[in-house]
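> Model the following, please.
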Amino acid sequence: MFRKLFKGLLVLCTIIMFNSPANAFYTDMDESHWCYQSIKFLTDIGVLVGYPDGTYKPDIPVTRAEFASMVIKTLGQENASVSQEINFADIEPDFWGYNIIQKAVYFDLIPDGRGERFRPYDPITRAEAITIAVNALTTSQISEQKAQSVISKSYEDYTQLPAWFLMSAAKAKLLDLDVIVPGREGRMDPNRPAYRAEVAALLYRMMQEAKLNPNAKLADTMQKRTADGYILDNVRVQGSIGVIPAGAILPIKLESVVGSQVSNTADIYTAKIPNNIVTKEHYLLVPAGSDLKGQIKYVQRGKTFKQNGEVIIKNELLVTPNDQAVMLYGVATLDPESSNGFWKRLFKGQKVLTVPNQIVNIRLLGPLKIDLTNGYIYE
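Got it, this is the predicted structure:
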């Protein structure tokens, strides 16, 4: 009983959250900010945090230690094990970012600086941040001539790029990882400190690309979850991302009574995913037990000799077992399909009534994009 009450409150809070003013997320930005969506997503999954006063402070620099922490969390490797530690001259084991920096070295994101200084409190430059993002990926090899051509055509300040940054800069441009700040079009600004806003955009883009083409060490750890269950054979799988297309049919188990004679338009219903929803390769898409909520969108009363009953429901919300709440739109038409077609047409007046635990199939109105390694759903 308490669990159901808690779930209900969670759903209510989620609906309120989705309908709250945009500026309720961080007090110093709203949806008009060019990095708002990246910042919001990374905050929702625990990569980014704001300040105690409710601000995000998008225009202050990020330190090298902070960026190492952000990139490891973005890649989902904060719990990874490192077999051999690397000692930096200016970082002791009791430093807050010691373990996270070790992971960044292990996954080949930053060079093995054995005995050298890491400079954890220095602001990370754009060149350094972009290079780390590129290092997280498996990329196509390009020649130095090709790299020179790419950057010289893209940035008016290309002569200011450090020699060590040439390849990473060109690859970042080709992969749309260069993250040019509005008002600085045509400039890479490689030696400028990277600010919290552009870092969020960079991490978000890196995360999307890493789901498809992670570097070799990351690929070993980014395993897709598998399970048995209801198979959707038209899911597109690319890397560690699965996309359920619009029009796909999902079975749901109603928890509410819904009927042509008892329901009214705008009534709320609740439901659950009864079985794991999986790809044909058995990659887990949506786990059993996920909660659903929606509204009755249309009711036609069954009237004897006049018309059969019909109810149309529209799903609006999905809450997964890891408490991620996302909008999921799907529709189902409930009518007396199971009865004899001839008598149904002749006499009419049949009524619709579903009971708790009855299975209903809903048709998705839009695609659903899911991270197959951890179940996160992208909106």
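
> what residues go with each domain of the protein?
15-221, 230-378 (automatic domain parsing).

> CSV for those domains, including mean pLDDT and mean neighbour count?
Every C-beta, even on glycine, is put in place using the N, C-alpha and C of the backbone. Output for those, formatted as CSV (pLDDT from 0 to 100; neighbours: other C-beta atoms under 10 Å):
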stretch, mean pLDDT, mean neighbour count
domain 15-221, 91, 17
domain 230-378, 88, 17
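
> how about the strands in the stretch 101-250 of the chain?
230-232, 236-238, 241-244, 249-254 (DSSP state E, counting those that start in this stretch).

> any chance of those in a markdown table, with distance to Asn374 too?
As requested, the strands of the stretch 101-250 of the chain are exported to a markdown table (distance: least, C-beta to C-beta, whole Å):
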| stretch | distance to Asn374 |
| --- | --- |
| strand 230-232 | 19 |
| strand 236-238 | 15 |
| strand 241-244 | 11 |
| strand 249-254 | 20 |
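
> can you tell which of those strands is closest to Leu203?
Minimum separation from Leu203 across the strands of the stretch 101-250 of the chain (C-beta to C-beta) falls at strand 241-244, 16.8 Å.

> so what secondary structure elements neighbour that closest one?
Secondary-structure packing of strand 241-244 (3 or more C-beta pairs under 8 Å, 6 or more residues apart in numbering; DSSP states H and E): strand 236-238, strand 368-371.

> Return the set of residues that bridge with the nearest residue to Val286 once chain neighbours are set aside.
The shortest distance from Val286 to any non-neighbouring residue, by C-beta to C-beta, 6 or more residues apart in numbering, is to Ile277 (4.2 Å). Note on Ile277: beta-bridge partners by DSSP bridges are Tyr230, Val286.

> Was I right to think Ile277 contacts Val235?
No: between Ile277 and Val235 there is no contact under C-beta atoms under 8 Å: 9.1 Å.

> Common neighbours of these two, please.
Overlap of the contact sets of Ile277 and Val235 (by C-beta atoms under 8 Å, 6 or more residues apart in numbering) consists of 244, 285.

> which ones are touching Ile377?
318, 320, 324, 326, 368-371.

> Could you dump those residues into TSV with distance to Thr139 added?
Output for these, formatted as TSV (distance: C-beta to C-beta, whole Å):
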residue	distance to Thr139
Leu318	35
Thr320	32
Gln324	30
Val326	31
Leu368	29
Lys369	23
Ile370	25
Asp371	21
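
> okay, among those, which ones form the most distant pair?
Among those, Leu318 and Asp371 lie farthest apart (C-beta to C-beta), at 14.6 Å.

> Next one: Arg114 relative to Gly294, how far apart?
Distance, Arg114 to Gly294, using C-beta to C-beta, to the nearest Å: 57 Å.

> what's the closest of the helices and strands packed on strand 241-244 to Ala80?
If we rank the helices and strands packed on strand 241-244 by C-beta to C-beta, the stretch that ends up nearest is strand 368-371, at 16.8 Å.

> now that closest one: how far from the chain's centre is it?
Strand 368-371 sits 7 Å away from the centroid of its parent chain (C-alpha atoms, centre = their mean, to the nearest Å).

> what comes into contact with that strand?
Residues from elsewhere that reach strand 368-371, judged by C-beta under 8 Å, 6+ apart: 211, 240-244, 248, 285-286, 328, 376-378.

> again, only this time at 6 Å
Contact with strand 368-371 is made by 242-244, 285, 377-378, as judged by C-beta atoms under 6 Å, 6 or more residues apart in numbering.

> Who does it pair with, and is each partner parallel or antiparallel?
Paired strands of strand 368-371, with direction, are strand 241-244 (antiparallel), strand 377-378 (antiparallel) (DSSP bridges).

> between those strands, which one is nearest to Tyr36?
strand 377-378 (15.7 Å).

> How far does the closest one sit from its chain's centre?
That offset, for strand 377-378, works out to 4 Å (C-alpha atoms, centre = their mean).

> Hmm, Ala246 is touching Gly330, no?
No: Ala246 is beyond contact range of Gly330, at 9.5 Å (criterion: C-beta atoms under 6 Å).
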